[in-house]
Each structure stands twice: as structure tokens, then as C-alpha cells.
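Visitor: Requesting a structural model of the entry that follows:
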Amino acid sequence: MSWIRETELRLIERLTANILKAGPMPKHVAFIMDGNRRYAQKRHVERQEGHTQGFDKLAETLRWCLNLGIHEVTVYAFSIENFKRSREEVDGLIELAKQKFSRLLMEQENLEKHGVCIRVLGDLTLLPEDLQQLIAKAVVSTRAHNKCFLNVCFAYTSRHEIANAVKEMAWGVEQGLIKSSDVSEGLLSQCLYSSNSPNPDLLIRTSGEVRLSDFLLWQKARELHKESQVLQQMEADRTCVTELLQHRGNGKPMDAQSRQTVLLNYTASREERVRCFLNALQHKRDTFFNDLSSQAVVALNFFFFIFTNL
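Guide: Alright, predicted model coming up:
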């Protein structure tokens, strides 16, 4: 089944879409893909069939989003907690992911037509290497597309994402790219897997449950106190400047204009350090995907050589 369906909407779907588009539309919608196992149990089919049907419904949903002009979609496809399920079910989910990402690589023309950029958010090192390579190939091959974005959260939990962001900031301090005083809520947000995306306007759980299940916790909570973060950063800058002046003042008081100049210079220096750190972090992440993608190309060429010489 294709990731992006080309079939026309039915009449009732078109009418519904036109009604929805008459009002304000969200720009970014997130989905917790849930209910596949309950669907399979209700229909008396294997769990794997339920997960397959869940993917087909995702493809239909993406068609809707394209038609409605929703340019960014984030889906919770596989939680790190899912590794605790039975070996058979986990293996089935991993195999399904391999099939779907392999299919995705065959749909480059369609993805380019719609300008779809694929991002995969999560700890890919927890996945089998061949799946890592397929994912990386999909990410790298669509990186330049910018009309709409599909973020697939795979081997993901929000707690893991936040912990990883803290590790990234610690790496920046260790490398001398930033100072410990540069660490803030705002910087942590820029170190998340989802740093390239705006926070979702709407979060939907497909099964009707109301639990967040460790999905985008930081992103949803952060919307409530953006202004307070700016004030906190300003106060932190003032504190650092005060300590700096006490260290350099030699007991001589400074006038207000001089103190303001020092504050502006400190803020500019901090912003430059943070900018360089974020550039280095993006380069590190790009290199990770580029290296995996190159390995995938080598592997595909090898198997093609073996196949053609049998």
C-alpha cells in the first residue's frame, strides 16, 4: 500500500473537506496511532493484520491532510515501550516497518511531486541495522523537500527525547561549544528530535483513549509558558552579568550605561555560542543519517551484484 494515495476523494469527503476548510485549519496535527490490537481482536484476525490495517488507515489520513492543506503531520508509530511486547509481535512490527520504508523508497517520484519531507524521530540505535539504513535512506532522499512534512516517531518516548536533549547539551558543554550558564528550557527545546517543527496545533488519539502515552509531552506543555521562558532567560543573563561585573569591577561601581553595554555584549556572545552549538548538533545528526544512508546504498549495490551474477 502506498504512503501517499492518489485516489480522488469521494463526494461526501469533498463536501466535508470544503466545510472544514471554510474555518481555521491547523497547520500541524499529531496522531497517536492506537487501537490496532483491539481492532484485530474485534475482527478475530492476527495482531499483525491489525497493524497492517493501521498503516493503511494512516495512508488514507495523509491523503486527507494533503487535501485539507495541513502541511505537517506527526505520527506515533512505535514506542520504545513496545519493545516490552511479545517477541513475535515486536518482530512483526519491525518487519512491517521494513516493508513500508522499502515501499517508501520506491515512491520517490510521488514524494517529490507533493514535496513530502520524511523525518524519523526517535532513538534509531535501538533498531536493527538494516531498518536503520532504510530509514536513513528515506530521510536523506527527501531532505530537500519542503512543501509538507511527515514526522514518524519510531523507537520514541517523550522521556527518552528529553533525556537525549539533556545529553546533547552536556555534549555541547564538554566540547566547549556552550557554557553551563547557556543551558535553559529554550535551548533544551532546540535540542529535541522535533526541533525543526512547530509544536502541534492538534493532537488526536485514534482509538478514542485520552492518554498521552509519553508522546510529545514537552511540546504540548511548553505552549503554556513560552513568555515566562523569555523572562527567565533575561533574568539568567542579568545574574551572569552581575557576577561578571563583580569579578571584573575591582571594587569600582559602574554606571547604568556601562552595565547595559556589558549585558548586551554578554547576550550577543551567548547567542553566538548557542548558534554555533546548534549548527554543530545539526551537523552531527546529519552525519549520522548520511553515514547510514551510504551503508544502505552499498548494501543494495552488493545484493544487486550478487543477484545479477547468480
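Visitor: Check which residues of stretch 87-104 are buried.
Guide: Counting neighbours by 16 or more other C-beta atoms under 10 Å, one finds that the buried residues in stretch 87-104 are Gly92, Leu93, Ile94, Leu96, Ala97, Lys98, Lys100, Phe101, Leu104. C-betas here are computed from N, CA, C, even on glycine.
Visitor: Hmm, I typed the wrong one, I wanted stretch 269-287.
Guide: Neighbour count says stretch 269-287 has Arg270, Arg273, Val274, Phe277, Leu278, Leu281 buried, by 16+ other C-beta under 10 Å.
Visitor: from the buried residues of stretch 87-104, which two are the most distant?
Guide: Gly92 and Leu104 (18.7 Å; C-beta to C-beta).
Visitor: returning to that earlier point: pick the one among the buried residues of stretch 269-287 closest to Arg143.
Guide: Taking these together and measuring to Arg143 by C-beta to C-beta, the closest member is Leu281, at 16.2 Å.
Visitor: With Leu104 as the reference, measure out to the closest residue to Ser180 other than its chain neighbours.
Guide: Leaving aside its chain neighbours, Ser180 sits nearest to Val173 (5.6 Å; criterion: C-beta to C-beta, 6 or more residues apart in numbering). Remark: distance between Val173 and Leu104 (C-beta to C-beta, to the nearest Å) = 37 Å.
Visitor: swap in Arg119?
Guide: Taking C-beta to C-beta, one finds Arg119 at 13 Å from Leu104.
Visitor: go on, Leu121?
Guide: Leu121 is 16 Å from Leu104, by C-beta to C-beta.
Visitor: State the mean pLDDT of the helix or strand hosting Glu271.
Guide: Assigned by DSSP states H and E, Glu271 falls within helix 256-308. For helix 256-308, mean pLDDT rounds to 76.
Visitor: Also stretch 132-145?
Guide: 95.
Visitor: which of the residues in that stretch are buried?
Guide: Buried, per 16+ other C-beta under 10 Å, within stretch 132-145: Gln132, Gln133, Leu134, Ile135, Ala136, Lys137, Ala138, Val139, Val140, Ser141, Thr142, His145.
Visitor: Can you pull the phi/psi pair for the residue lying closest to Arg211 once chain neighbours are set aside?
Guide: Nearest non-adjacent residue to Arg211, counting by C-beta to C-beta, 6+ apart: Arg205, 7.3 Å away. Arg205 adopts backbone torsions of phi -110, psi 120, taken as degrees, to the nearest 10.
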